[in-house]
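S.K.: Sequence first, predicted model second:
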Amino acid sequence: MDMLDPNTAAVSLRMGEARFVAKVKVTPAGLLAIGALVSGILLSTSVLVWTATSVARRRPLASAILAKH
C-alpha cells in the first residue's frame, strides 16, 4: 500500500423522496492535519473553561453569594 493512497468514506441517506449522498477521500497526511486541528480546538476549549471559572475557584464564597441573586 502506497502512503499516498486516500482513505474513502461514503454515506447514503434516504428519507421519503429526499436522498443525501456524501463521499470523502482523505490522505494520511490529511487525517494527521484533521487530528491536529481537533486537538487544538479541544485544548483551547479547556483553557477557555479554566479561565472562565477562575473567579469561582479563587473566591468560592463570593461566587456562592452571587449565584443566589
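M.R.: The structure has been received and is ready for your questions.

S.K.: Poorly predicted segments of this protein, please.
M.R.: Along the chain, the model assigns pLDDT under 70 to residues 1-3, 56-57, 59-64, 66, 68-69.

S.K.: Determine the longest helix present in it.
M.R.: helix 28-52 (DSSP state H).

S.K.: starting at the chain centroid, how far to it?
M.R.: Put simply, helix 28-52 sits 7 Å off its chain's centre (Cα atoms, centre = their mean, to the nearest Å).

S.K.: ok, and what's touching it?
M.R.: Contacts of helix 28-52 with the rest of the structure, by Cβ atoms under 8 Å, 6 or more residues apart in numbering, involve M3, L4, P6, N7, V26. From N, CA and C alone the C-beta is placed, and that goes for glycine too.

S.K.: what would the residues you listed look like in a markdown table with secondary structure, distance to T53 and neighbour count?
M.R.: Shown next, in a markdown table, are these (DSSP: H, G, I helix; E, B strand; the rest coil; distance: Cβ to Cβ, whole Å; neighbours: other Cβ atoms under 10 Å):
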| residue | secondary structure | distance to T53 | neighbour count |
| --- | --- | --- | --- |
| M3 | coil | 44 | 7 |
| L4 | coil | 45 | 8 |
| P6 | coil | 42 | 12 |
| N7 | strand | 39 | 11 |
| V26 | strand | 36 | 14 |
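
S.K.: got a markdown table for the residues you listed, with distance to S44 too?
M.R.: Below are the contacts of helix 28-52 laid out as a markdown table (distance: Cβ to Cβ, whole Å):
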| residue | distance to S44 |
| --- | --- |
| M3 | 30 |
| L4 | 31 |
| P6 | 29 |
| N7 | 27 |
| V26 | 23 |
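
S.K.: Can you get me a residue count around the closest residue to P6 other than its chain neighbours?
M.R.: Among residues not flanking P6 along the chain, K25 sits closest, at 4.1 Å (Cβ to Cβ, 6 or more residues apart in numbering). Using other Cβ atoms under 10 Å, the number of residues around K25 comes to 11.
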